[in-house]
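# sequence and predicted model, in that order:
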Amino acid sequence: MSGRVAIVGAGPGDPELLTLKGRRLLEEADIVIHDRLVAPEIVAFARTAERIDAGKLPGASATAQEEINALLVRHAREGKRVVRLKGGDPMVFGRTSSELEALVVAGISFEIVPGITSAIAAPAYAGIPVTDRRLASAVAFVTATQEDGTTNALDWVALARMPTLVVLMGAARVDRVTRALLDEGVDTARPVAAIEWGTTGRQRVVRSTLGTLARDVREAGLGAPLVMVIGDVAALADRYAWFRP
C-alpha cells in the first residue's frame, strides 16, 4: 500500500513557532527529509523517524531537487509516512511545486501544512509591521535569487512603487537590490532594515537607509539567511523593538 507525504512548513527558525499539526506529523513520521535551515530542535520531534538532511548550501554542491523528488516518491511507495520538512512556509519561495508535481505524477497522496514565513516573522521579531495603516497599505514579497541566478526577472518599476518591499534570499545581492531600486527613483533616505537569522538566538538587525544599506550590511558582516524590509515601516524598528536574543 502506498504511503503518504506531508509537506510541512517548519516556520522561520524559533522552534516554538512550529504548528501543532506539524509537530504531530513529525512525531508520527517514518521518514523526515528536512532542509538545512530547519532548527535541530524541530527535527528532533521526529524521535522514531529516519532523518535525511537534504539541505542546499549556498554556492556548494548539495542534494539535487530531482533526488529529493525521487526520495519522496520511493519512500511513499514503500508505504511509509513521509514528512518533507521545509523552512518557513513551503508555499512561499519554497520550490515546493517541483515536489508536488512529482507526487501527482506518481499518484502519491499528500497534504500541505503551512508554516510561518520568515517574510513576516523576521520583521515582527525586529519590531517591524510589514503593513501599517499610517504608512503602508500594501506589501510585496520577492526573492532576490531567481532561477537564472540573477535579479533581472523582477519588475523593479512596479516594486519601486510599493509602500513596503520584503526581500528574501538576498544576502549576496544587497548591492543589486538597492541599485535596482535607486535606479527607479526610490529615495536614498528610504528606511531599510536587514535581519539576519530572524526569530532565533542568532538574530541581528541592521537599521539603515536604501543609499547606505549595502555598506552597512557589509560592515556588520551580515550573511544568509537575510530578510530585508524596505519602506517607511522599517523606521518603526527602534520604537517597537522587543526581542532580545
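That came through fine.
# which strands and helices sit next to the top helix by length along the chain?
In the chain, taking DSSP state H as the definition, the longest helix is helix 65-77. Counting contacts by 3 or more CB pairs under 8 Å, 6 or more residues apart in numbering; DSSP states H and E, helix 65-77 packs against strand 4-9, strand 31-34, strand 81-86, helix 96-106. From N, CA and C alone the C-beta is placed, and that goes for glycine too.
# direction included, what does the first one pair up with?
Partner strands and pairing direction for strand 4-9 (DSSP bridges) are strand 81-86 (parallel), strand 109-113 (parallel).
# most packed of these?
Most buried of these by mean neighbour count (mean count of other CB atoms under 10 Å) is strand 81-86; its value is a mean of 26.
# look up the closest residue to L226, ignoring the ones flanking it.
Leaving aside its chain neighbours, L226 sits nearest to A171 (4.0 Å; criterion: CB to CB, 6 or more residues apart in numbering).
# then stretch 191-201 to CSV, C-alphas only?
Coordinates of each C-alpha in stretch 191-201 appear next as CSV, following Å, rounded to 0.1, in the frame of the first residue of the first chain:
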residue,chain,number,x,y,z
PRO,A,191,14.3,53.5,5.7
VAL,A,192,15.5,49.9,5.4
ALA,A,193,16.2,47.1,7.9
ALA,A,194,18.2,43.9,7.3
ILE,A,195,17.5,41.0,9.6
GLU,A,196,19.9,38.1,9.9
TRP,A,197,18.8,34.7,11.4
GLY,A,198,15.4,36.3,12.3
THR,A,199,13.5,34.8,15.3
THR,A,200,16.5,32.9,16.5
GLY,A,201,19.1,33.4,19.2
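# list phi and psi for the residue nearest to L226.
phi -60, psi -40 (degrees, to the nearest 10).
# residues contacting it?
Neighbouring residues of A171 by CB atoms under 8 Å, 6 or more residues apart in numbering: 196, 222-226.
# go again using 6 Å as the cut-off
If you count contacts by CB atoms under 6 Å, 6 or more residues apart in numbering, A171 has them with 223-224, 226.
# which stretches in the chain count as helices?
20-28, 40-43, 65-77, 96-106, 118-125, 156-159, 174-183, 213-220, 237-240.
# hey, which of the ones you listed is tucked in deepest?
helix 118-125 (a mean of 25).
# export that helix as CSV, just CAs?
Extracted as CSV, the C-alpha positions of helix 118-125 are listed here (Å, rounded to 0.1, in the frame of the first residue of the first chain):
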residue,chain,number,x,y,z
SER,A,118,10.2,34.5,7.6
ALA,A,119,9.0,37.3,5.3
ILE,A,120,6.6,38.3,8.1
ALA,A,121,8.1,36.7,11.2
ALA,A,122,11.6,38.1,10.9
PRO,A,123,10.3,41.7,10.6
ALA,A,124,7.9,41.1,13.5
TYR,A,125,10.8,39.9,15.7
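# helices or strands next to it in the packing?
strand 226-231 (3 or more CB pairs under 6 Å, 6 or more residues apart in numbering; DSSP states H and E).
# starting at the chain centroid, how far to the strand it packs on?
12 Å (CA atoms, centre = their mean, to the nearest Å).
# give me the mean pLDDT for that strand.
For strand 226-231, the mean per-residue pLDDT is 97.
# list the contacts of that strand.
Residues contacting strand 226-231 (CB under 6 Å, 6+ apart): 118, 122-123, 128, 136, 163-168, 170-171, 192-196, 198.
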